[in-house]
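**Student:** predicted model and sequence below, questions to follow.
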Amino acid sequence: MKESIVFLVRAAILAVCVYTLYQLFPVVLKHIQGQNCPMIGFVPACYLVFVGYLAMAFSVTINPRKTAWLFYPGWIPVFMLAFTGTSLELMGKPTCPRTSADIPLCFLSLAISTGLLLAYLFTRGRSIPRL
């Protein structure tokens, strides 16, 4: 029973990552066409986020118990950029690209990346810390 639940959670993580990549792709294209993403040194933040979600998606297609080396390096920059962007937005310094409903994408990325970490920890058999 537990294995089937873990499989469903892994499938959900993959689906969320693929959907996020699908939604993020136009942001990357807009940057290529001239609308800027925030820059981290010489690298656009939207590229880092795209590669991060891609790494997370690949890590759950393989055995997640053995792919922490792929999931965490993808997750950490996504979470840190989302956390930083959300903090700046809340301080009144708009830095994140926005949805058509004027919601900063970093808000969504912070919620998604937090949920993905909790789900990934579940698939690895680790207990999720209680709040």
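**Tutor:** Now that the structure is in, tell me what you want to look at. Numbers count the residues shown, from 1 in each chain.

**Student:** partner strands of the lowest-mean-pLDDT helix or strand in the chain and their direction?
**Tutor:** The weakest-scoring helix or strand in the chain, judged by mean pLDDT, DSSP states H and E, is strand 39-40 (a mean of 84). Take DSSP bridges as the rule and strand 39-40 pairs in its sheet with strand 43-44 (antiparallel).

**Student:** any idea which helix or strand comes after the partner strand?
**Tutor:** The first helix or strand that comes after strand 43-44 along the chain, using DSSP states H and E, is helix 45-61.

**Student:** for that following helix, name the packing helices and strands.
**Tutor:** Counting contacts by 3 or more CB pairs under 8 Å, 6 or more residues apart in numbering; DSSP states H and E, helix 45-61 packs against helix 2-32, helix 68-90, helix 105-123. Placement of C-beta: from N, CA and C, glycine included.

**Student:** under the pLDDT cut-off, which ranges of the chain? List them.
**Tutor:** The model of the chain has pLDDT under 70 over residues 1, 63-65, 126-131.

**Student:** right, I'll leave it there.
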